[in-house]
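1. the following block contains a protein sequence and its predicted model.
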Amino acid sequence: MFAPRGWLKGSGARRIYRTIEPSPLFDPSWYRARYLAKKPFVDPLWHYLDAGWQKGHDPSPLFDTSHYLETSRDVRQSHLNPLFHYLAYGREERRSPLRSARETFHHYFPQAAPLAFFDTPSTAQKRLTAVLDDATESDGVLDLIDTMSLALHFAQEHSRTLRIISRRKDFEEVCQALRTAQEKVSFSSVDIDIVNAIDTDVGPTIALFRDEIFLATSWTSAYVLRHAAPAQRLFAMSYSSSTPPSVISLSVEEAANEAWESEKDLDPLRKDAVSPAFEEASLERGSVGKIAILWDLKHPFAYCQALQVLEDCVLRNPAALGVLEFHALGEGMEPAHIAEQPIERHPSPRHASLFGEYDLVLNASGFALEAEAIIDCHSPDRGRHDTVSQALASLVSKVSVIS
């Protein structure tokens with residue numbers, strides 16, 4: 001089906017059309033069902049080229065328009081169709097049409113994405129760097145002024161200047177809170193620096209001294225600092241109910257514990273959910289193993305951790321590539337891939353017995369499911385990585401025998 005007005009746009013438009021048309025990354029039936037149900041006579045490809053991609057429409061489950069534009073500043077600025085750019089140039093440049101496990105984590109928790117730091121020679125004056133973001137006051141114990149005051153006290157105790165790196169949306173609010181806290185603590189303005197590090201296309205990049213110490217004010221800011229701050233020089237706010245707010249040493253594992261707890265508080269595990277009598281699926285149906293990840297919108301941290309553990313285990317077991325299928329069960333999840341293999345997305349099963357078609361299930365949803373072939377992803381577990389790795393190795397060996 002052709003669109004005459006689109007065809008008359010010129011040779012450039014026709015070239016783009018002909019480049020995309022034979023690609024499996026554009027699925028006209030899928031696109032029509034998703035976006036053009038009420039426009040049966042519109043050519044799906046011309047619609048995507050003319051308006052769809054600018055609205056964030058995806059051409060198929062195998063290409064994420066929004067992700068490609070987010071990660072390709074040059075494509076955004078050129079206003080070139082992202083799928084055409086990928087097919088013509090991006091694929092050879094090893095750009096990804098879908099989010100990786102790490103990019104999925106940063107999509108759901110953008111303020112946990114690392115900042116661009118670089119080392120610079122130290123000066124005679126020592127420094128403390130504190131990172132603020134929109135999760136800083138999420139526990140409700142300290143307001144922004146109290147958080148600033150605690151950071152200033154900590155800098156005074158260690159005879160250091162204070163640098164505030166702000167990733168908060170309202171930078172003026174941060175500046176005002178800092179001025180108020182400075183008056184309370186009597187901290188010299190000369191010894192304070194504040195950096196607006198709200199995400200932009202190009203930066204910013206931030207200099208670090210080798211003897212710098214760091215203060216995280218939330219679990220997301222701890223993740224920001226995880227590659228820049230040595231463990232012995234990373235601290236965090238402590239809000240224990242038995243003691244006044246203070247500053248304590250911190251590890252990224254402890255920061256992750258806070259994230260687990262915040263999700264658990266949002267949506268406790270539903271104990272009334274059906275626990276299936278899960279039997280290991282028969283591999284006679286084909287020569288691939290099927291792995292499912294259960295998810296829901298209220299547990300994105302558990303889902304992202306499940307993706308990262310699974311991807312790490314797959315990459316450590318090259319034999320798994322090509323013999324395993326990955327499926328995500330839930331509503332509204334973003335497209336992603338495991339080791340460059342797209343994750344198929346499906347609605348949540350309405351009955352627990354439907355899990356039986358999978359050989360392994362990682363449960364990152366709010367359902368309490370207990371069975372031998374289901375690995376729970378709701379809380380920190382140092383042994384989960386080994387458990388998943390062993391399960392994958394076992395599954396791969398079975399698939400290899402059948403093949």
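-> Right, received. Where do you want to start?
2. only the buried residues of stretch 389-401, if you could.
-> By 16 or more other CB atoms under 10 Å, the buried positions in stretch 389-401 come out as Ser389, Ala391, Leu392, Leu395, Val396, Val399. For the C-beta atoms, the positions are set from N, CA and C on the backbone; glycine is no exception.
3. pretty sure the first one contacts Val314?
-> No. Distance between Ser389 and Val314: 9.3 Å, which falls outside the contact criterion (CB atoms under 8 Å).
4. list the buried residues in the helix or strand harbouring His107.
-> If you go by DSSP states H and E, His107 is part of helix 101-108. Within helix 101-108, the residues that count as buried by 16+ other CB under 10 Å are Ala101, Glu103, Thr104, Phe105, His106, His107.
5. between these, which sits nearest Ser66?
-> The nearest member of the buried residues of helix 101-108 to Ser66, counting by CB to CB, is His107 at 9.1 Å.
6. on the pLDDT front, check that closest one for me.
-> We have a pLDDT of 92 for His107.
7. I'd assumed Ala101 was in contact with it.
-> No. Look at His107 against Ala101 with CB under 8 Å: they stay out of range, at 10.7 Å.
8. distance between the longest helix along the chain and the chain's centre?
-> Ordering each helix of the chain by length in residues (DSSP state H) puts helix 384-402 first. Distance of helix 384-402 from the chain centroid (CA atoms, centre = their mean, to the nearest Å) equals 26 Å.
9. stretch 98-113 now?
-> Worked out by CA atoms, centre = their mean, stretch 98-113 lies 2 Å from the chain centre.
10. how does the protein divide into domains?
-> Following automatic domain parsing, one finds the domains of the chain at 4-97, 111-266, 283-402.
11. bridged to the spatially closest residue to Ala391 that is not a sequence neighbour, which residues?
-> Leaving aside its sequence neighbours, Ala391 sits nearest to Leu360 (CB to CB, 6 or more residues apart in numbering; 5.3 Å). Judged by DSSP bridges, the bridge partners of Leu360 are Ile291.
12. tally of neighbours for the nearest residue to Lys126 once chain neighbours are set aside?
-> In space, and not counting its chain neighbours, Lys126 is closest to Arg160: 4.4 Å by CB to CB, 6+ apart. The burial count assigned to Arg160 is 18, neighbours taken as other CB atoms under 10 Å.
13. what's the answer for Ile198, then?
-> Neighbour tally, Ile198, other CB under 10 Å: 14.
14. before we move on, what about Asp381?
-> Quick note: Asp381 (other CB under 10 Å) scores 15 neighbours.
15. before we move on, what about Glu254?
-> 16.
16. three-state assignment of it?
-> At Glu254, secondary structure determined by DSSP: H, G, I helix; E, B strand; the rest coil is helix.
17. from Ile165, how far out is it?
-> 21 Å (CB to CB, to the nearest Å).
18. likewise for Ala37?
-> 47 Å.
19. please apply the same query to Gly322.
-> Taken as CB to CB, the span from Gly322 to Ile165 is 43 Å.
20. okay, the two: which has more neighbours?
-> Using other CB under 10 Å as the criterion, Gly322 and Ile165 rank with Ile165 on top: 22 against 10.
21. distance check, that one against Asp134.
-> 13 Å.
22. before we move on, what about Arg179?
-> Applying CB to CB to Arg179 and Asp134 gives a distance of 20 Å.
23. before we move on, what about Gly90?
-> In terms of CB to CB, Gly90 sits 32 Å off from Asp134.
24. neighbour-wise, which of those two wins?
-> For the pair Gly90 and Asp134, the greater number of neighbours falls to Gly90 (20 against 14), based on other CB under 10 Å.
25. the spatially most central residue of the chain: what's it in contact with?
-> The centroid of the chain falls nearest to Phe105 when counting by CA atoms, centre = their mean (1.3 Å). Taking CB atoms under 8 Å, 6 or more residues apart in numbering as the contact definition, Phe105 lies against Ala112, Cys304, Leu307, Gln308.
26. run a quick neighbour tally on the last one.
-> Counted with other CB under 10 Å, residues neighbouring Gln308 total 17.
27. would it be right to say that it lies in a helix?
-> Yes. Judged by three-state DSSP, Gln308 forms part of a helix.
28. excluding sequence neighbours, find me the nearest residue to it.
-> With CB to CB, 6+ apart, the residue lying closest to Gln308 is Ala101, at 4.5 Å.
29. so Ile293 sits against Leu310, correct?
-> Yes. Between Ile293 and Leu310 there is a contact at 7.2 Å, judged by CB under 8 Å.
30. any shared contact partners between these two?
-> Shared contacts of Ile293 and Leu310, defined by CB under 8 Å, 6+ apart, are found at Phe326, Leu362.
31. what's the closest non-adjacent residue to Leu321?
-> Nearest to Leu321 is Ala339, by CB to CB, 6+ apart, at 6.1 Å.
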